[in-house]
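Novice: Task: produce atomic coordinates for the following.
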Amino acid sequence: MPLALAVYHILPRWMRNGVLCAFSLLFFAWAGLRGALLLVGLAALNWAGGLVLGRAAHKRRWLALLTAADLAVLLAFKYAAFAAESVNFFVPGLLPVFAPALPLGISFYLFTSIGYCADVAAGRVEPARNPVRFFVFLAFFGHGPSGPIVRYGQQLPQLDPRAEARQVTLDRFCYGIKRLVFGLAKKAVIADQLALIYQRVTSVPAATLPAPILVLGYAAYMMQLYFDFSGYSDMAIGIGAFFGLELPENFNYPYLARTVGEYWRRWHITLSSWFRDYVYIPLGGSRCSTARTCRNLLVVFVLTGLWHGAAWQYVVFGLLHGLLLCAERLGLRSLLEKLPAVLRHLYTLLALYFTLILFGAPGLREGLTALAGIFRWQEGAPGYTLAAFADAKLLLILALAALLCGPLQAMIPRLKEALCSRKAPGPVMMLWLLALLFLGLMRVTAGTYSAFIYFQF
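Specialist: Purely as a prediction, here's the structure:
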């Protein structure tokens, strides 16, 4: 990134998209040359496909072909092994199981491509004429690996390096530094430390652990997941600001939600809105009967679960969230609105917590075992103590995470304003940023490499 920044700002403006293309390609090639070549091929396919869609008479037919081609690639890399294993469960040995390495960011840039083609076919945007600008839109290294999932219509004003929307002011660059440092601190100082608790707990069979330790391990995972992914999104938004690219927000304090539906409007916002616009609404959305609306919700959330990974635990996670949203639509939400806000928060947090046990467990069977152990409040095998899984420092970080994931910002509105401000920071904020940067770099240099959780999706 420092080299990219230096080259980008030294060269003339007309060359800057070429710089971003070159460094983005280098970034993906560093993760795997085959993945980078696949990305280039898919970018070329969707860029050319967009041009065809722009002038084709039968747009739906061409859109179906392009979408099928994109999904075929995703299925081959991400779901072929899962499908073979599922078939072999009923008929052992019927299909060979081959699991190719998952190219970095494939779920994100393929969804971006499908959304672009759908928008061109619907006439919402004009097809991209410039392939370099299209590649910057699709694969900019700031958001390419794990989003946010960008829309061409939102990015278009900034894709011209000479446009006013692309100019990098001092305030904009400082805002980028602030978001980058916040994201680094979320990831390295909080998420990676909470991962130590989660990894220790899940390294032991759930059937042998006391219930309090299971509760602790998955509470740590719930916090780790938020700080890891929202930290990545903060860093992506900050890096985008360095180059004059405005990336969409992906989180809005989701653990403050009072219903599961509200949670999905606050969590991974760009993915939720993608499924709403390109799957839920085309299926009929909520403009049809209650039964069909519930069907649409179940389809969307099963697909959302599958998007996260090729395993039955993700399918069950998505199905449960779909059922909860159906229940809220059928009357549960009306009942919740009569309750105090704290009880609505509690309902949402408990629903998230128990479904995230299935999501984060080493497998569906282990997740179900952990849930059973918590509900039965099992004693577990003798000898397991809390100190073996979390020391005082890790417990303090977990408590701070529970405050910093939203409650503290809700209680102190001025803190939230300061965190979100786009103005150049004052002396106090500068000191906080320096301290966080120091802590983040210290944790990165002191520890081993820890990939972002959503890189695996």
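Novice: Could you tell me the per-residue confidence at residue 214?
Specialist: For residue 214, the pLDDT comes out at 97.
Novice: what separates it from residue 354, distance-wise?
Specialist: Per CB to CB, to the nearest Å, residue 214 is found 11 Å from residue 354. All C-beta spots, glycine's among them, are computed from the backbone N, C-alpha and C.
Novice: Equivalent analysis for residue 285, please.
Specialist: On the measure of CB to CB, residue 285 and residue 354 end up 28 Å apart.
Novice: What residue in the protein is the furthest from its centre?
Specialist: No residue in the chain sits farther from the centre than residue 382, which is 38.6 Å out by CA atoms, centre = their mean.
Novice: Need the three-state assignment for it.
Specialist: Look at residue 382: counting by DSSP: H, G, I helix; E, B strand; the rest coil, its state is coil.
Novice: Run through the helices of the stretch 151-300 of the chain in chain order.
Specialist: Ranges of helices in the stretch 151-300 of the chain, per DSSP state H, counting those that start in this stretch, are 152-155, 170-184, 192-202, 211-242, 260-266, 269-275, 281-283, 290-308.
Novice: buried sites along the next helix or strand after the last one?
Specialist: Right, helix 290-308. Where DSSP states H and E defines the elements, the next helix or strand beyond helix 290-308 is helix 312-327. Within helix 312-327, the residues scored as buried using 16 or more other CB atoms under 10 Å are 312-322, 324-326.
Novice: Quote the end-to-end distance of stretch 410-429.
Specialist: Criterion CA to CA, to the nearest Å; first-to-last residue distance in stretch 410-429 is 19 Å.
Novice: Please point out which parts of it sit buried.
Specialist: 418, 424, 425, 429.
Novice: Those residues in strands, which ones?
Specialist: The members of the buried residues of stretch 410-429 all map outside strands under DSSP state E.
Novice: Point out where this structure drops to low pLDDT.
Specialist: Applying pLDDT under 70 to the chain flags the ranges 89, 97-99, 448-449, 457.
Novice: Any figure for the gap between the closest residue to residue 325 other than its chain neighbours and residue 323?
Specialist: Counting by CB to CB, 6 or more residues apart in numbering, residue 325 lies nearest to residue 297, which is 5.0 Å off, once chain neighbours are set aside. Going from residue 297 to residue 323 by CB to CB gives 9 Å.
Novice: Was I right to think residue 49 contacts residue 117?
Specialist: Yes. Counting by CB atoms under 8 Å, residue 117 is a contact partner of residue 49 at 5.9 Å.
Novice: what's around residue 300, how many residues?
Specialist: 23 (other CB atoms under 10 Å).
Novice: Quick check: the gap between it and residue 255.
Specialist: With the distance defined as CB to CB, residue 300 ends up 22 Å from residue 255.
Novice: Please list all residues in contact with the nearest residue to residue 299 once chain neighbours are set aside.
Specialist: Counting by CB to CB, 6+ apart, residue 299 lies nearest to residue 283, which is 6.4 Å off, once chain neighbours are set aside. Contact analysis of residue 283 by CB atoms under 8 Å, 6 or more residues apart in numbering lists 295, 296, 299, 300.
Novice: so what sits against both of residue 49 and residue 117?
Specialist: residue 66.
Novice: from the helices of the stretch 151-300 of the chain, which stretch is densest packed?
Specialist: helix 211-242 (a mean of 24; mean count of other CB atoms under 10 Å).
Novice: and that helix with helix 192-202, angle?
Specialist: Angle between the axes of helix 211-242 and helix 192-202 is 150 degrees (criterion: axes from the mean of the first three to the mean of the last three CA atoms, to 10 degrees).
Novice: Tell me which other helices or strands helix 211-242 touches.
Specialist: Contact here means 3 or more CB pairs under 8 Å, 6 or more residues apart in numbering; DSSP states H and E; on that basis helix 211-242 packs against helix 170-184, helix 192-202, helix 341-360, helix 364-376, helix 392-404.
Novice: May I see the buried residues of the longest one?
Specialist: For helix 341-360, burial by neighbour count (16+ other CB under 10 Å) applies to 344-345, 347-349, 351-352, 354-360.
Novice: for the last one, same thing?
Specialist: Buried positions in helix 392-404, judged by neighbour count with 16+ other CB under 10 Å: 394, 397, 398, 401, 404.
Novice: what about the fourth one, distance to residue 193?
Specialist: Relative to residue 193, residue 401 is positioned 9 Å away (CB to CB).
Novice: Same check on the last one?
Specialist: Applying CB to CB, the value for residue 404 to residue 193 is 13 Å.
Novice: Find residues that contact each of the two.
Specialist: In terms of CB under 8 Å, 6+ apart, residue 404 and residue 193 are not both contacted by any residue.
Novice: next one: stretch 215-235 to chain centre, how far?
Specialist: 11 Å (CA atoms, centre = their mean, to the nearest Å).
Novice: when you give positions from now on, start the count at 35
Specialist: Shifting the count to begin at 35 puts that one at stretch 249-269.
Novice: what about residue 97, how many residues close to it?
Specialist: Residue 97 has 20 nearby residues by other CB under 10 Å.
Novice: Please enumerate residues in contact with the helix or strand that contains residue 473?
Specialist: Residue 473 is part of helix 461-480, with elements assigned from DSSP H and E. Helix 461-480 has contacts (CB under 8 Å, 6+ apart) with 211-212, 215-216, 218-219, 221-223, 226-227, 452, 459.
Novice: Export the residues you listed as a markdown table, with columns for distance to residue 47.
Specialist: Shown next, in a markdown table, are the contacts of helix 461-480 (distance: CB to CB, whole Å):
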| residue | distance to residue 47 |
| --- | --- |
| 211 | 22 |
| 212 | 25 |
| 215 | 27 |
| 216 | 29 |
| 218 | 29 |
| 219 | 33 |
| 221 | 32 |
| 222 | 34 |
| 223 | 37 |
| 226 | 38 |
| 227 | 42 |
| 452 | 33 |
| 459 | 27 |
